[in-house]
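S.K.: have a look at this fold, sequence not included:
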């Protein structure tokens, strides 16, 4: 950030989330969000939707929003699958409008991209 980065991707601590250690998850995102706020950088938190149940996705999204993330991002691209319309629809339902969604991973066609945007993705 000190070198001029305007956006930062953070991979959510999936282990802590799945263990129910939500305070640790939220604290880590808050710490990074505070650093991003100093330079007005955008924080995109990758929740790796392919590894989560719907309930875990909703919890992760809410924690990210409460902690100050600007975006929730679906995937690193290294899990078993990338973004899906169902994932994006779920995230849009639980996230406040000011928290944007970045669909990522496995998007190979214009039709896929348009479907994800129609489902609520911002990028």
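M.R.: Alright, I've got the coordinates. A quick note: this is a predicted structure, and the numbers were derived from the prediction, not measured. Residues are numbered from 1 along each chain as shown.

S.K.: and the longest helix for the protein?
M.R.: helix 22-39 (DSSP state H).

S.K.: which elements pack onto whatever helix or strand comes next after that one?
M.R.: Sequence-wise, the next helix or strand downstream of helix 22-39 (DSSP states H and E) is strand 42-46. When contacts are defined as 3 or more C-beta pairs under 8 Å, 6 or more residues apart in numbering; DSSP states H and E, strand 42-46 packs onto strand 7-11, helix 22-39, strand 71-73. Every residue, glycine included, has its C-beta placed from N, CA and C.

S.K.: who touches the following helix or strand past strand 42-46?
M.R.: Sequence-wise, the next helix or strand downstream of strand 42-46 (DSSP H and E) is helix 54-67. With contact meaning C-beta atoms under 8 Å, 6 or more residues apart in numbering, helix 54-67 is reached by 12, 17-18, 22, 25-27, 29-30, 33, 45, 47, 49, 52, 72, 87, 90-91, 94-96, 99.

S.K.: now the angle from helix 54-67 to strand 7-11?
M.R.: Helix 54-67 and strand 7-11 are oriented at 140 degrees to each other (axes from the mean of the first three to the mean of the last three C-alpha atoms, to 10 degrees).

S.K.: buried stuff in helix 54-67?
M.R.: Under the neighbour-count criterion of 16 or more other C-beta atoms under 10 Å, helix 54-67 has 56, 57, 58, 59, 60, 61, 62, 63, 64, 65, 67 buried.

S.K.: how about stretch 35-50?
M.R.: 36, 41, 43, 44, 45, 46, 47, 48, 49, 50.

S.K.: from the residues you listed, pick the one nearest residue 108.
M.R.: Nearest to residue 108 among the buried residues of stretch 35-50, counting by C-beta to C-beta, is residue 50 at 15.8 Å.
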